[in-house]
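J.: No sequence on hand, only this structure:
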């Protein structure tokens, strides 16, 4: 997508927020379903889920930093 990174209403910024919300919801549902760490098939016992967890956390942190910088 070609868009201006300074424009908060660009399609790119809106899709980033949408996908971050969807993947965060998926992560939370999986954590409730499988457990976080201590169960046998827990969420953070699978490498791909650990990678998802890290990527989602980085996305949330970058979103929060962007909001804080805007103030």
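T.: Looks like it arrived, so ask away. Note that the coordinates shown come from a computational prediction; the quantities given were computed from them, not determined experimentally. Numbering: from 1, shown residues only.
J.: before we move on, what SS does the residue lying farthest from the centre of the chain have?
T.: Largest separation from the mean C-alpha position in the chain: residue 40, at 24.4 Å (Cα atoms, centre = their mean). Recorded secondary structure, residue 40: coil (DSSP: H, G, I helix; E, B strand; the rest coil).
J.: Please tell me the pLDDT value assigned to the most centrally placed residue in the chain.
T.: The residue lying closest to the centre of the chain (Cα atoms, centre = their mean) is residue 56, at 2.8 Å. In this prediction, residue 56 carries a pLDDT score of 96.
J.: again with the one 4 residues further on
T.: As predicted, residue 60 sits at a pLDDT of 95.
J.: what sits against it?
T.: Shown in contact with residue 60 (Cβ atoms under 8 Å, 6 or more residues apart in numbering): 20, 24. Every C-beta, even on glycine, is put in place using the N, C-alpha and C of the backbone.
J.: okay, and for this structure, where does confidence drop off?
T.: In the predicted model of the chain, residues 1-3, 5 satisfy pLDDT under 70.
J.: What segments of it are helices?
T.: In the chain, the segments counted as helices under DSSP state H are 11-34, 47-70.
J.: Take those and write them to CSV, including distance to residue 4.
T.: Output for those, formatted as CSV (distance: least, Cβ to Cβ, whole Å):
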stretch, distance to residue 4
helix 11-34, 9
helix 47-70, 15
